[in-house]
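A.B. asks: Kindly generate the corresponding structure for this input.
(2 chains)
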Amino acid sequence: MTNVSIMTFNILSILPILILSGFGMIVLLVDVLSSRRLGEKNLLAYISLIGIILAAIFARSPAGTTLFSFNESFAIDNYSLFFNFIFLLSTGLTILISHSYIKREEINHGEYYALILFSTIGMMLMAAGADLLNIFIGLEVMSISIYILTGFKRSKLISNEASLKYFLLGAFATGFLLYGISLVYGSTGAINLKQIASFIASKGGISDPVLLMGMGLIIIGLGFKVASVPFHAWVPDVYEGAPTAITAFMSVGPKAAGFAAFLRILITAFGSAHDEWQKIIYILAILTMTTGNVIAIAQTNIKRMLAYSSIAHAGYLLIALVSANDMGVSGTLFYMLAYTFMNIGAFAIVIVLSRKGDEFIQINDYAGLGFKHPLLALAMTLFMFSMAGVPPTAGFVGKFYIFSAAIKSGYIGLAVIGVINSVISVYYYLRITVIMYMKEPTREFAPLTISPLIVAAIAISVIGTLHLGIFPSKVMEIAQQATLMLK
Amino acid sequence: MITITHYLVLSAILFTVGVIGVLIRRNAIIIFMCIELMLNAVNLSFVACAHYLNSMQGQLFVFFTMTVAAAEAAVGLAIIVAVFRNKETINIDDINIMKW
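C.D. replies: Down below sits the predicted model:
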């Protein structure tokens, strides 16, 4: 029998998570105690933002080492810290872009902010989880909150439908993940990633078919969360039906959390069985990139197009996972940060242009935007260029690191397919730019009601995209320190 | 003599029944029940392994799985009710306003 020692509990190590859960509950309480007028709910957005900033301030890691706490089930290191910042950033930006959107859509309930905070807690648990139990709990805390947020427009059938699809497929994938965990546990006798790693190393690789199947099922479960093909069927529908601000949130946060867990499980626990999982991820990466990019070309709805583009981006990140070297891990961290800025920025512009009862999400609606609202069009162009990977934007640098990681590990073919895919993606990203600047408006643009918070979100995204594109070295250095912890 | 293999085979059968149910049934609640069956198959396998390995971790895991399943049930049924209010059906073939 294993004994759990109380001495290994280190409350301070999970301080950011405690702060966020505290603020989530404060948001709920303030919502109940304050009067029912909708105007009062500005306060809730500010309380959530304060919580996020406090959590970011108290997110610390011991320099150069990994701090294990809670009986080695929780790893505080530069890796989880970097991901925590990505999560907090994406949550902060989501709250900035949500504020005016949920008022306009009349879904301005206090639970909205609380659920976003709770889902961030789940992501932070996943990134810091050093055993499969913690990763599983984090995944579920994150997913269940997002199932609700997806269906937040309760009276709209499209939102209900998205929520139901996401929930049924998400729970189905959870079943596979869990079964995988139970098989890994059964054959190695451990749920701690380090212990699984030492078990596999002592056997000199995976020969046990049960363990191999367990690993495969875990890959299926996490592949679903990061939206890789062939587990991507839910993505376009859910992204289209969810409230736009939530679409922005779930295209960034859960994907980052999924990759955080993916990298930690595959590299830390199954590192010595590298050859076995590499082949699977290799095929997944090619399928994911190609399917995402090719189907995105045919889309006429901008939310669906961004959904397929997010599938394609998951494919690029899977390339980094296949190469599984330090550069691949730091490339993933960098790319995820860049993707946070550019994707939330693009969705922020979709939100600014939409109005109540008229989502304004057909790509042709953007015709003539360049003349009518030049600044918004310029920002949108920047985000599209960044997603396509045009220098000097963050997306270019991120792709550059990922493809060089693949070449460094000897996967030249994979890097070539990645580059071909980015060329394909240029077509549909630049089409939006072309439509904005070179077509006559097909319909009237209503006067915009722009709140200062969403302007702040767009400004932060623009600055982030450009800064990471022009001066990537500082952030890359931090990302490289984060990878040292993983092994 | 009932060995660990029996439990694991039973768990695999239950899991497969759950998966097939999810794939072929059309009522959202039945699909959800099949997902619960999958989770319980996993629980069985955890408990059997924990007993066989003489380790507590598997049994611990089962408690968390059950908690998560309960939370999922609460949220899932709420979502199904919300769909039913707007659409008056929970047959997933009819819930198809979005198609690629």
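A.B. asks: Would you confirm that A:Pro392 belongs to a strand?
C.D. replies: No - with DSSP: H, G, I helix; E, B strand; the rest coil as the criterion, A:Pro392 is assigned coil and is not in a strand.
A.B. asks: Hmm, A:His467 and it touching each other?
C.D. replies: No - in this structure, A:Pro392 is not within contact of A:His467 by Cβ atoms under 8 Å, at 10.3 Å. Where C-beta positions appear, they are placed from N, C-alpha and C, glycine not excepted.
A.B. asks: overlap in contacts of the two?
C.D. replies: Residues touching both A:Pro392 and A:His467 (Cβ atoms under 8 Å, 6 or more residues apart in numbering or on different chains): none.
A.B. asks: May I have the residues that are in contact with the closest residue to chain B within the stretch 351-487 of chain A?
C.D. replies: Nearest residue of the stretch 351-487 of chain A to chain B, counting by Cβ to the nearest Cβ: A:Ile361, 12.6 Å away. When contacts are counted by Cβ under 8 Å, 6+ apart, A:Ile361 touches A:Thr244, A:Asn301, A:Ile302, A:Lys303, A:Val350, A:Ser354.
A.B. asks: what's near enough to touch the third one?
C.D. replies: Right, the one you point to is A:Ile302. A:Val350, A:Ile361, A:Gln362, A:Ile363, A:Tyr366, A:Ile432.
A.B. asks: Just give me how far stretch A:150-157 sits from the chain centre.
C.D. replies: A distance of 22 Å separates the centroid of the chain from that of stretch A:150-157, by Cα atoms, centre = their mean, to the nearest Å.
A.B. asks: same deal with stretch A:238-245?
C.D. replies: In terms of Cα atoms, centre = their mean, the centre of stretch A:238-245 is found 15 Å from the chain centre.
A.B. asks: Equivalent analysis for stretch A:27-36, please.
C.D. replies: Stretch A:27-36 has its average C-alpha position 30 Å from the chain's average C-alpha position, going by Cα atoms, centre = their mean.
A.B. asks: next one: stretch A:21-28
C.D. replies: Worked out by Cα atoms, centre = their mean, stretch A:21-28 lies 23 Å from the chain centre.
A.B. asks: Does it reach chain B?
C.D. replies: No - residues of stretch A:21-28 are not located near chain B by Cβ under 8 Å from any Cβ of the partner chain, the shortest gap being 15.1 Å.
A.B. asks: about what we covered before: which of the contacts of A:Ile302 are buried?
C.D. replies: With neighbours counted using 16 or more other Cβ atoms under 10 Å in any protein chain shown, those contain these buried positions: A:Val350, A:Ile361, A:Ile363, A:Tyr366, A:Ile432.
A.B. asks: Give me the pLDDT for the fourth one.
C.D. replies: Read it as A:Tyr366. At A:Tyr366, the pLDDT value in this model is 89.
A.B. asks: do the last one as well
C.D. replies: Per-residue confidence at A:Ile432 stands at 92 (pLDDT).
A.B. asks: If we ignore the residues flanking it in sequence, what's nearest it?
C.D. replies: A:Met384 (5.5 Å; Cβ to Cβ, 6 or more residues apart in numbering or on different chains).
A.B. asks: Check which helix or strand that neighbour maps to.
C.D. replies: helix A:374-388 (DSSP states H and E).
A.B. asks: can I get the CA coordinates of that helix in PDB?
C.D. replies: The C-alpha coordinates for helix A:374-388 follow below in PDB (Å, rounded to 0.1, in the frame of the first residue of the first chain):
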ATOM      1  CA  PRO A 374      -9.600  51.300 -42.100                       C
ATOM      2  CA  LEU A 375      -8.200  50.600 -38.700                       C
ATOM      3  CA  LEU A 376     -10.300  47.500 -38.000                       C
ATOM      4  CA  ALA A 377      -9.400  46.200 -41.500                       C
ATOM      5  CA  LEU A 378      -5.800  46.800 -40.900                       C
ATOM      6  CA  ALA A 379      -5.800  44.900 -37.700                       C
ATOM      7  CA  MET A 380      -7.700  42.000 -39.300                       C
ATOM      8  CA  THR A 381      -5.200  42.000 -42.100                       C
ATOM      9  CA  LEU A 382      -2.400  41.700 -39.600                       C
ATOM     10  CA  PHE A 383      -4.000  38.800 -37.900                       C
ATOM     11  CA  MET A 384      -4.700  37.000 -41.200                       C
ATOM     12  CA  PHE A 385      -1.100  37.600 -42.300                       C
ATOM     13  CA  SER A 386       0.100  36.200 -39.000                       C
ATOM     14  CA  MET A 387      -2.000  33.100 -39.200                       C
ATOM     15  CA  ALA A 388      -0.800  32.600 -42.800                       C
END
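A.B. asks: Enumerate the positions of that helix that are buried.
C.D. replies: Counting neighbours by 16+ other Cβ under 10 Å, one finds that the buried residues in helix A:374-388 are A:Leu376, A:Ala377, A:Ala379, A:Met380, A:Thr381, A:Leu382, A:Phe383, A:Met384, A:Phe385, A:Ser386, A:Met387, A:Ala388.
A.B. asks: ok, and the closest non-adjacent residue to the fifth one?
C.D. replies: Nearest non-adjacent residue to A:Thr381, counting by Cβ to Cβ, 6+ apart: A:Thr433, 4.9 Å away.
A.B. asks: mind listing what that neighbour touches?
C.D. replies: Residues in contact with A:Thr433, defined by Cβ under 8 Å, 6+ apart, are A:Met380, A:Thr381, A:Met384, A:Phe385.
A.B. asks: Then A:Arg431?
C.D. replies: Per Cβ under 8 Å, 6+ apart, neighbours of A:Arg431: A:Ile363.
A.B. asks: give the contact list for residue 58.
C.D. replies: Since you didn't name a chain, this refers to chain A. Going by Cβ under 8 Å, 6+ apart, A:Phe58 touches A:Leu15, A:Pro16, A:Ile19.
A.B. asks: nope, chain B
C.D. replies: A:Ser182, A:Tyr185, A:Gly186, A:Ile191, B:Phe46, B:Val47, B:Cys49, B:Ala50, B:His51.
A.B. asks: Mind checking which of the residues you listed are buried?
C.D. replies: A:Ser182, A:Tyr185, A:Gly186, A:Ile191, B:Phe46, B:Val47, B:Cys49, B:Ala50.
A.B. asks: Those: which two are farthest apart?
C.D. replies: With Cβ to Cβ as the measure, no two of those lie farther apart than A:Ile191 and B:Val47, at 14.0 Å.
A.B. asks: Can you name the residues of the stretch 251-400 of chain A that neighbour chain B?
C.D. replies: Contact residues, the stretch 251-400 of chain A versus chain B (Cβ under 8 Å from any Cβ): A:Ile295, A:Arg304.
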